[in-house]
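Undergrad: Sequence and predicted model, in that order:
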Amino acid sequence: MNGHRINVNRQDFATAIFLILLGIAGFVASSALPVGTAMRMGGGYVPRLLSFLLLGFGGILIVQSLFGNGERVQKTVLRPLVFVLVVPLIFAALIDTLGLPLTVLFCILAAGLASSETRRWEILAVGAGLAVLTYVLFVTALGLPMQFGPEFG
Amino acid sequence: MDILHNLATGFSVALSPANLFYCLIGTLIGTLIGVLPGIGPIATISILLPVTLYLDPTSSIIMLAGIFYGAQYGGSTTAILVNLPGEAASVVTCIDGYQMARKGRAGSALAVAALGSFFAGTVATLIIALLAPPLSAAALLFGPAEYFSLMVLGLIAAIAMSQGRLIKALAMLMVGLLLGAVGTDVDTGAPRMTLGISYLADGIDFVPLVVGLYAIPEIIRNIEWPEDRGVLGAKISRLWPSREEFLRARGAVLRGTAVGSVFGLIPGGGSLLSAFASYTLEKRLSRNPEEFGKGAIEGVASPEAANNASAQTSFIPLLTLGIPSTAVMAVMAGALTIQGIQPGPHVLNSRPELFWGLIVSMWVGNLMLVIINLPLVGIWVRMLRIPYRIFYPAILIFSCVGVYSLRNSYFDVMLVALFGLLGYCLQRWRCDTTPLVLAFVLSPMLEDNLRRAMLISRGDPAVFVERPLSLGMLLVALALLGFVLLPSFRKRREVIFEED
């Protein structure tokens, strides 16, 4: 394990920032909703209560993280993270225009970039195989309304 | 006898050709993913969930349940033969199972694991059949206040059992509740917190959330840290344990079954904890504890029985109270909801064929698993030779297509990426995602019951402490929280999860 010691507990700090951001987002998103009364709660009552609690937990964690002793932190390996996460995004971007088989092929090629062990011809074969397999399974067998090829206009 | 009548109903459902087929498919998939490290039952069930929409509700639940307990069996195979936990709960089996294999007793270990699991599964099936009707009947008497307190208790208990620090677990709970509140306000029907995105009008869909939180980070982690998959060269000579081994394993299986059955009922208990607990118990009870870690058969028999028993009894809280006790059960709750069945005390009366069919199918599935696992063990081990570089693109693409197929929404697929990133971060920040998922599932019910209880009590929160049953449950929840904060318990809890 490669890591190093630090004085701030970075994991707790990051968690706290996330909680605070989410709490603020919760407040903003529910700001237009009626709070109502304790007896007759409006749609905004519970969301705002939760957002408030999130801010509270975030605040406590931030303070704790500053006094916490550092923990070993593994370095993030960017390549798998980026290329695995990019696959659903590519899928979402292409599926409605390119149709299922082509989208699958592009996604698999992107997925292949995530690992350093990927071999060129192998990933092409896997992509082609999965393009056929998913089409047969989801469209032919299960009858999902997905288009086959690209559609323009 | 009522129970015989119920079981007869169950047999007639579970033994129908279609359901036998789906049970077999489920247990086969379960065994496969159990054998293969790098994909667990939560990810698999959530990826396959969209496909089961096309099945009859009973068949789909039978199949999904098969994946879950099948994985418990398959995980032990890899644990024993390769010293790799194919499934999280088999970490414990590795300790003594692999040592047995190295001493040429792989066959005995596999047989004891499979037969012990089968015995545990049988007992757990009977426990469900006995316990479910009275629990359901009791839950039907609950008012909104009791239901609210019960859910609070369930969530707090899950936190007490979860990994990591208490404050983070509590925070994850709030995150889950908030995400679950997105969608349409139950009272007015007005959209809330949808950020103006029409795709969010019905709330955040459960499937992209779970696929993102579980499947995606699992893949990233496995590419980051490739595991060594060397297969044990030794041949499995004989599959049957010797008389002495059999006698030693017998008591361990009985105790493991008892421990596992109880742990399955506790929210957050889960199969991993039950396996740890039963292993510790065996070691403490044993006359020769020094054998543990060097190939003690009790160290295989007991945790294997325990994880299978708990896998099955964990269905009880879901099916009788409507409260999922583990992340897998939360996914099951999602599967039922998608099929239009609200998990809870009504299931037993309104869908007896589903309830009893599922229970009996678990027993049938266990029987199938003994056959699938023992004679065919060689085939499963060969599966380990499939390199991960071929395997992970397939998992990824099935996640995407499956999520998309739910309602042909590209937005849901984008959510997979978003929650995938969140899941990856939470893992690095050492935040357990189980409380998040449980809270997400329970959020609408929790809020609905809170609002109803407050309306009935005219805004007086005392309603939760004035009703004795509700007060009792809240007190237990409070006691659990206090217990977790005790320094001695906290230390122990950290030790247990350190070994993970």
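TA: All right, it came through fine.

Undergrad: Pull the contacting residues for the residue nearest to residue B:11 when sequence neighbours are not counted.
TA: Distance criterion Cβ to Cβ, 6 or more residues apart in numbering or on different chains; nearest residue to residue B:11, sequence neighbours excluded, is residue B:360 at 5.2 Å. Placement of C-beta: from N, CA and C, glycine included. For residue B:360, the contact set (Cβ atoms under 8 Å, 6 or more residues apart in numbering or on different chains) comprises B:7, B:10, B:11, B:13, B:14, B:15, B:125.

Undergrad: Over to residue A:85?
TA: With contacts defined as Cβ under 8 Å, 6+ apart, the neighbours of residue A:85 are B:216, B:220, B:417, B:420, B:421, B:424.

Undergrad: how about a cut-off of 6 Å?
TA: Contact analysis of residue A:85 by Cβ atoms under 6 Å, 6 or more residues apart in numbering or on different chains lists B:417, B:420, B:421.

Undergrad: What are the buried residues along the helix or strand it falls within?
TA: Residue A:85 is part of helix A:78-98 when elements are defined by DSSP states H and E. Residues of helix A:78-98 classed as buried by neighbour count (16 or more other Cβ atoms under 10 Å in any protein chain shown): A:80-81, A:83-95, A:98.

Undergrad: May I have the phi/psi pair for the closest residue to chain B within chain A?
TA: In chain A, no residue comes nearer to chain B than residue A:39, which is 2.9 Å away by Cβ to the nearest Cβ. Backbone torsions of residue A:39, given as degrees, to the nearest 10, read phi -80, psi -40.

Undergrad: what's around the residue nearest to it when sequence neighbours are not counted, how many residues?
TA: Leaving aside its sequence neighbours, residue A:39 sits nearest to residue B:459 (Cβ to Cβ, 6+ apart; 2.9 Å). Residue B:459: 14 surrounding residues under other Cβ atoms under 10 Å in any protein chain shown.

Undergrad: Surely residue B:459 is in a helix?
TA: No. Residue B:459 is assigned coil when assessed by DSSP: H, G, I helix; E, B strand; the rest coil, not a helix.

Undergrad: Tell me where chain B has strands.
TA: Assigned by DSSP state E, the strands in chain B fall at B:183-184, B:191-192.

Undergrad: How about the first one and chain A, touching?
TA: Same thing as strand B:183-184. No. Strand B:183-184 stays out of contact with chain A when judged by Cβ under 6 Å from any Cβ of the partner chain, the minimum separation being 8.9 Å.

Undergrad: Direction included, what does that strand pair against?
TA: strand B:191-192 (antiparallel) (DSSP bridges).

Undergrad: what's next to the partner strand, contact-wise?
TA: Taking Cβ under 6 Å, 6+ apart as the rule, strand B:191-192 contacts A:33, A:43, B:184, B:185, B:201.

Undergrad: Most neighbours of all these, which one?
TA: residue A:43 (26 neighbours).

Undergrad: And that residue, its phi and psi?
TA: Residue A:43 adopts backbone torsions of phi -60, psi -20, taken as degrees, to the nearest 10.

Undergrad: What does the pLDDT read for it?
TA: On the pLDDT scale, residue A:43 is placed at 81.

Undergrad: so what's it up against?
TA: Residue A:43 makes contacts with A:33, B:185, B:192, as judged by Cβ under 6 Å, 6+ apart.

Undergrad: returning to that earlier point: show me what the very next helix or strand once past the helix holding residue A:85 packs onto, helices and strands only.
TA: Once helix A:78-98 ends, the next helix or strand along the chain (criterion: DSSP H and E) is helix A:100-112. Secondary-structure packing of helix A:100-112 (3 or more Cβ pairs under 6 Å, 6 or more residues apart in numbering or on different chains; DSSP states H and E): helix A:78-98, helix A:120-134, helix B:388-407.

Undergrad: for the shortest one, the distance to its chain's centre please.
TA: Yep, that's helix A:120-134 we're talking about. The gap between where helix A:120-134 is centred and where its chain is centred comes out at 25 Å by Cα atoms, centre = their mean, to the nearest Å.

Undergrad: what about residue B:352, neighbour count?
TA: Neighbour count for residue B:352, taken as other Cβ under 10 Å: 14.

Undergrad: I'd like the distance between residue B:378 and chain A.
TA: The gap separating residue B:378 from chain A is 25 Å, by Cβ to the nearest Cβ, to the nearest Å.

Undergrad: how many neighbours does the residue of chain A closest to chain B have?
TA: Residue A:39: 13 neighbours (other Cβ under 10 Å).

Undergrad: if we can go back for a sec, would you list the buried entries among the contacts of residue B:360?
TA: In the contacts of residue B:360, burial by neighbour count holds for B:7, B:10, B:11, B:13, B:14, B:125, counting by 16+ other Cβ under 10 Å.

Undergrad: mind checking how far the last one is from residue A:135?
TA: Yep, that's residue B:125 we're talking about. According to Cβ to Cβ, to the nearest Å, residue B:125 and residue A:135 sit 40 Å apart.

Undergrad: In JSON lines, list the strands of chain B along with mean pLDDT.
TA: Conversion of the strands of chain B to JSON lines gives the following (pLDDT from 0 to 100):
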{"stretch": "strand B:183-184", "mean pLDDT": "82"}
{"stretch": "strand B:191-192", "mean pLDDT": "82"}
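
Undergrad: quick one: residue A:42 and residue A:36 touch, right?
TA: Yes. At 3.1 Å, residue A:42 and residue A:36 qualify as touching, with contact defined as Cβ atoms under 6 Å.

Undergrad: May I ask you to name the longest helix in chain A?
TA: Criterion DSSP state H: the longest helix present in chain A is helix A:45-67.

Undergrad: And the contacts of that helix?
TA: A:8-9, A:12-13, A:15-16, A:19-20, A:22-23, A:26-27, A:30, A:35-36, B:171, B:174, B:177-178, B:181, B:193, B:447.

Undergrad: for the chain, which spans come out with low pLDDT?
TA: Unless you meant another one, I'm taking chain A. Low-confidence segments of chain A, defined by pLDDT under 70: A:1-7, A:69-74, A:149, A:151-153.

Undergrad: Sorry, I should have been clearer: chain B.
TA: Along chain B, the model assigns pLDDT under 70 to residues B:1, B:163, B:226-239, B:487-500.

Undergrad: which bits of it sit near chain A?
TA: Within chain B, the positions near chain A by Cβ under 6 Å from any Cβ are B:54, B:171, B:174, B:177-178, B:181, B:185, B:192-193, B:195, B:219-220, B:223-224, B:389-390, B:393-394, B:396-397, B:400-401, B:405, B:410, B:413-414, B:416-417, B:420-421, B:429-431, B:447, B:451, B:454, B:458-459.

Undergrad: Just the buried ones from those?
TA: Using 16+ other Cβ under 10 Å as the burial test, the residues of chain B next to chain A include B:171, B:174, B:177-178, B:181, B:185, B:192-193, B:219-220, B:223-224, B:389-390, B:393-394, B:396-397, B:400-401, B:405, B:410, B:413-414, B:416-417, B:420-421, B:429-431, B:447, B:451, B:454 as buried.
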